[in-house]
Every structure is written in structure tokens, then in C-alpha cells.
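Participant: With the sequence up front, the predicted model follows.
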Protein chains: 2
Amino acid sequence: MSGQWPPGTRVPVEHELMADYGCSRMTVSKVLSGLADRGLIIRRRGAGSEVATPRSERAVLEIQDFAKEAARHGTAYAHEVLRREVIACPVKTAARLGLAARSRLVSVHTLHRVAGRPEALEERLINIAEVPQARTERFLDVPPGTWLLDYVPWTNAEHAIEAINADLLQARLLDIAVGEACLVLERRTWQGGAFITEARITYPGVRHRLVGRFSPDGRD
Amino acid sequence: MSGQWPPGTRVPVEHELMADYGCSRMTVSKVLSGLADRGLIIRRRGAGSEVATPRSERAVLEIQDFAKEAARHGTAYAHEVLRREVIACPVKTAARLGLAARSRLVSVHTLHRVAGRPEALEERLINIAEVPQARTERFLDVPPGTWLLDYVPWTNAEHAIEAINADLLQARLLDIAVGEACLVLERRTWQGGAFITEARITYPGVRHRLVGRFSPDGRD
DNA sequence: TAGTGGTCTAGACCACCGC
DNA sequence: CGGTGGTCTAGACCACTAG
């Protein structure tokens, strides 16, 4: 979870861990099985174990990687960076994110299009102190959400979902009427107490639903 | 998960399960630990294990038991049954729910008030074939959501969240302007393939957010 | 103090993978 | 084929609970 072992890193084999930690194979195995259950590593009998690519999050809220989503449905995806700037964090925002005032952030506004239609509006903040590569990244080839997913580990996330009436600007960008109901999904991510990124994604309510499936045992 | 052992039922002790299933204690223990991890049972060292009261669901979507929620914040809660009737399931609805056409359902419309203000509108369907007690229940003391939570086990659930503009009726009941954005949370529940209940809960968007917290290891 | 769960060990057999 | 994970056993010691 510290990110020290990026996704794909080979996990030491059980016998090695037995020696390293001076405990029995059963004990090592139980720990590794636990990690596998929680989706942190992938174990393959006969082949070894490796650090999993984080599923990012569960069910309802996996809806952020537009490109992948579009590919799954066989539709075209494109994104358009509307604005990108480095800002000093306003005091009010800093308080909300648990950040020092005037911290330097990258602010990116992106419009996501699926099959040519505007599908969502993304307003993103990235903490330069924690993600220095963001200072120069232009997000022309890869939208910020996807870019961050692959490179930045996180330990805590918070989501909020709300409904708003589209204002003039939102309506124009999303090609809907002013006042139309929109779903807003906010996601804030931390790495061990340090703020990483905030995304605020606005979807036209009429065209979008967030869907999730569950079982009481938490397995889906 | 079948509901045969209601919440609070004592789980046989490890030695008994060893004998019943003819396997070692380690094996029994691993299984029980797994059930505990998934929240299906509670284990207490020295005291024994019992079937857990289902947390119903996770994080974002625990927001349905208004009474409990209000109690937590120390505010008054009340509900008002607007309509309650037994209906024959329309063909279109039957298809959506995987139900025989003309199945008998209880339909209940409820308004939830917190601190005197209308907080949410609930439209609920309950399958009489699976929950026969619903046929006569009036839901005057306990709103349908809470009532079902305690008595009916489930194996699968599906959620959807969308945003809509309030229509005239919704606006009047929720005391908001026509056209104001509302969050709609739909929840459908099955028990091993058999449809149990559907809830459609409408919240005024301006006053409500659904919030959840996560970690990559799925522990919150 | 007896009964319970929590954890560990050493050794074993098997299924599967990749060479 | 050797290396890997998946699973099981029998026995052990400990921490905690309830009477």
C-alpha cells in the first residue's frame, strides 16, 4: 500500500518469506491468502504471486475510467483538456483537503466524449508536492484520471454523490438544457494522510446512472 | 445466507464442527475466520460465535435506515404512509424484476421527515409470494425499509443512482421547487433468484449527499 | 476453572505452471 | 521435471469469557 512495490512486482515465494520472517509455511500462506482476498496481490498456483493492479475501487464507483468503459462497449472515446493551470491552493480548499494553504496544485478541466457526445465534465486538482510529475504533464494523450490511476498509489479515498441543476456553463459544455439535473461524483484521495487528488465529475442525469451489485458476503 | 439461521443464532463451536464435518480444527477455524472477515458471523474469544446482524450493505449505500440515521444525529424522525395497496405486477415491471406477470405485490409510498422537514420520498414494492407478512402489514409504526431489513434475508442486491428534475408531485411532497435536481437511489433485492423488494428513494439534491470512505484493501 | 476462539508449527499430499 | 500455490492434519500454547 505504500506504493513501494508497484503493480506487477513479484512477491517473494512462500519459502523465502518463511526464512525472512522465521515462521512456518502455514503462517505465510494465511497472510498471503488474506492479501489475495483483499485484492492486493494475485496468486497463481504454479506460477507465483504478484502485486495486483489496484481495482481502484468497488462496484458503484468504478465508473471513472471513461476510456476503458468506452472500449468495453466498443464506442469511440475522446477527451479534451479545456483548461490546465498551476494554482496556489485557496485557503478554503486547503482546509477541506487537509492541506497547507497556498500549496501548489495542478488544476485540470476535462470534457469526456463518448461516441462524439459530451459525457462528463471533470474538474481535477492534483497535489504537486505528492505527484511532482503532474507539474509538467499536459494530459493531451491520457486524461488525468487514467494517468493518476496507473502511477499513484493511495491509502484512503472519500466519495460523495449529489444532484445539481446544470448552470449555464455546464449546460453548454454537456449539451443539455440549463437547469437539467446532473449527477456529481466527487472523489478525494490520500496517501497516508497526504492529499493526492480531487476529482469532481459531472454527468448529465438523464443519460447516466451509477450501478452496483452486491451480496451480503461482500463478494458481489 | 439462506436465512435459516437468523441473526443472533449461535454457531456450533469449533470442536463440534470438527466432529460434524470430520476435519481438523485448523480447517474449521479457517472457514469460520473467513465468514467473520466477510461479516457473516461475529466471533468472540472465550464467548463463542453467532450469526451477525447483516450490515445490509456497505459505505455509500447504508443511508436507508432513516430512523437510525436521525437518532445518530439526535434529530426527530417521523414517517408518513401516503399510500399502501396490493397490486398485480404490471407486465413491464415484471420483466424488469424477473417476476411472473400479475404477481401480487404490496406497493407503499412513504414520506420520511427528519426534524419536521420532508427528507425523502420512498416508493417500495414488496413481493407477497416471498414476504407473506407484508400482505397485512400497514407500516404505521415502522417504515417498510426498516421493517424489511430486520426480517428478510437476501443474497443479491442491485443499486442504481441517478439524478432527475423534480416533477410537480415530488416538488410538493418534498417542499422544493419544480425542476429542482433530486438524487434517486434505487435498490432491488433478491433471495436466491426470487425477487424480494424494490425501493426507489428520492432525495432533494440540494440537501443530500451520499458519502462513502474506502481503502484499497477493502476494509474502509 | 472449563470452555472458547486466535494463532502457530512441522510435515504432508496435491494441482498446476513453465520449461 | 522442479517450483509454485492450495489445502489439510495433529498437536500445541495462549488470551479471553463466563459462571
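Facilitator: Thanks, I have it.
Participant: C-alpha only now, for contacts and for neighbours.
Facilitator: OK.
Participant: show me where chain A has strands.
Facilitator: For chain A, the strands defined by DSSP state E cover A:10-11, A:41-44, A:48-51, A:77-88, A:104-114, A:117-127, A:156-165, A:181-191, A:194-204, A:210-214.
Participant: Can you say which of those strands is nearest to B:Asp141?
Facilitator: strand A:210-214 (28.9 Å; C-alpha to C-alpha).
Participant: before we move on, back to that, would you mind giving the strands of chain A as a markdown table with mean pLDDT, distance to A:Gly3 and mean neighbour count added?
Facilitator: A markdown table is the format used below for the strands of chain A (pLDDT from 0 to 100; distance: least, C-alpha to C-alpha, whole Å; neighbours: other C-alpha atoms under 10 Å in any protein chain shown):
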| stretch | mean pLDDT | distance to A:Gly3 | mean neighbour count |
| --- | --- | --- | --- |
| strand A:10-11 | 94 | 14 | 16 |
| strand A:41-44 | 92 | 13 | 18 |
| strand A:48-51 | 92 | 10 | 18 |
| strand A:77-88 | 94 | 25 | 16 |
| strand A:104-114 | 94 | 21 | 21 |
| strand A:117-127 | 94 | 17 | 22 |
| strand A:156-165 | 86 | 13 | 23 |
| strand A:181-191 | 90 | 9 | 24 |
| strand A:194-204 | 92 | 13 | 23 |
| strand A:210-214 | 67 | 28 | 18 |
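Participant: Output those as TSV; include the columns distance to B:Thr110.
Facilitator: Output for the strands of chain A, formatted as TSV (distance: least, C-alpha to C-alpha, whole Å):
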stretch	distance to B:Thr110
strand A:10-11	53
strand A:41-44	45
strand A:48-51	48
strand A:77-88	42
strand A:104-114	38
strand A:117-127	33
strand A:156-165	21
strand A:181-191	23
strand A:194-204	28
strand A:210-214	24
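Participant: got the domain boundaries for chain A?
Facilitator: Domain assignment for chain A by automatic domain parsing gives A:10-51, A:56-211.
Participant: Residue of chain A closest to DNA strand D, please.
Facilitator: A:Gly46 (2.8 Å; C-alpha to the nearest atom of the strand).
Participant: Let me know the pLDDT of that residue.
Facilitator: For A:Gly46, the pLDDT comes out at 90.
Participant: what sits against it?
Facilitator: If a contact means C-alpha atoms under 8 Å, 6 or more residues apart in numbering or on different chains, then A:Gly46 has no contacts.
Participant: Would you mind measuring from it to B:Pro153?
Facilitator: With the distance defined as C-alpha to C-alpha, to the nearest Å, A:Gly46 ends up 39 Å from B:Pro153.
Participant: what pLDDT, on average, does stretch A:19-36 get?
Facilitator: Averaged over stretch A:19-36, pLDDT sits at 93.
Participant: Can you list the buried residues in that stretch?
Facilitator: Going by neighbour count (16 or more other C-alpha atoms under 10 Å in any protein chain shown), the buried part of stretch A:19-36 is A:Val28, A:Ser29, A:Leu32, A:Ser33, A:Gly34, A:Leu35, A:Ala36.
Participant: ok, back up a step: got CSV for the strands of chain A, with distance to chain B too?
Facilitator: Converted to CSV, the strands of chain A look like this (distance: least, C-alpha to the nearest C-alpha, whole Å):
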stretch, distance to chain B
strand A:10-11, 17
strand A:41-44, 10
strand A:48-51, 12
strand A:77-88, 22
strand A:104-114, 19
strand A:117-127, 14
strand A:156-165, 4
strand A:181-191, 5
strand A:194-204, 8
strand A:210-214, 4
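Participant: Any idea what the residue lying closest to A:Pro6 once chain neighbours are set aside is bridged to?
Facilitator: Distances taken as C-alpha to C-alpha, 6 or more residues apart in numbering or on different chains put A:Val51 closest to A:Pro6, at 6.9 Å, once the chain neighbours are dropped. Taking DSSP bridges as the rule, A:Val51 bridges to A:Ile41.
Participant: just checking, A:Val51 touches A:Gln4?
Facilitator: No - with contact defined as C-alpha atoms under 8 Å, A:Val51 does not reach A:Gln4; the gap is 10.6 Å.
Participant: DNA strand C: which of the strands of chain A is closest?
Facilitator: Here strand A:41-44 is closest among the strands of chain A (C-alpha to the nearest atom of the strand), at 6.4 Å.
Participant: Rebuild the domains of chain A as JSON lines, extending it with distance to B:Leu210.
Facilitator: Converted to JSON lines, those look like this (distance: least, C-alpha to C-alpha, whole Å):
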{"stretch": "domain A:10-51", "distance to B:Leu210": "24"}
{"stretch": "domain A:56-211", "distance to B:Leu210": "5"}
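Participant: for chain A, which helix is longest?
Facilitator: Longest helix in chain A, counting residues (DSSP state H): helix A:25-37.
Participant: Please list the residues of chain A that sit near DNA strand D.
Facilitator: A:11-15, A:25-26, A:29, A:32-33, A:43-49 (C-alpha under 7 Å from any atom of the strand).
Participant: Go again with 10 Å.
Facilitator: Neighbours of DNA strand D within chain A, by C-alpha under 10 Å from any atom of the strand: A:10-17, A:24-34, A:36-37, A:42-50.
Participant: Kindly report the residues of chain A close to DNA strand C.
Facilitator: A:18-19, A:21-31, A:44-48.
Participant: that older thread, what angle sits between the longest helix of chain A and helix B:25-37?
Facilitator: Helix A:25-37 runs at 20 degrees relative to helix B:25-37, counting by axes from the mean of the first three to the mean of the last three C-alpha atoms, to 10 degrees.
Participant: Please compute how far helix A:25-37 lies from its chain's middle.
Facilitator: Here the centre of helix A:25-37 is set off from its chain's centre by 27 Å, with C-alpha atoms, centre = their mean, to the nearest Å.
Participant: Residues contacting it, please?
Facilitator: Outside helix A:25-37, the residues that reach it (C-alpha under 8 Å, 6+ apart) are A:Glu14, A:His15, A:Leu17, A:Met18, A:Ile41, A:Ile42, A:Arg43, B:Asp217.
Participant: what's the closest non-adjacent residue to the second one?
Facilitator: Right, the one you point to is A:His15. A:Arg25 (6.9 Å).
Participant: For the one you found, give its distance to A:Gly34.
Facilitator: In terms of C-alpha to C-alpha, A:Arg25 sits 14 Å off from A:Gly34.
Participant: same check, this time on A:Gly8
Facilitator: 18 Å.
Participant: before we move on, what about A:Pro118?
Facilitator: Separation of A:Pro118 from A:Gly34 (C-alpha to C-alpha) stands at 42 Å.
Participant: any idea of the pLDDT on A:Arg219?
Facilitator: 52.
Participant: Next: A:Phe139.
Facilitator: At A:Phe139, pLDDT is 93.
Participant: residues contacting it?
Facilitator: Taking C-alpha under 8 Å, 6+ apart, one finds A:Val81, A:Trp147 in contact with A:Phe139.
Participant: go on, the one 4 residues further on?
Facilitator: Contacts were defined as C-alpha under 8 Å, 6+ apart; by that measure A:Pro143 touches A:His79, A:Val81, A:Thr110.
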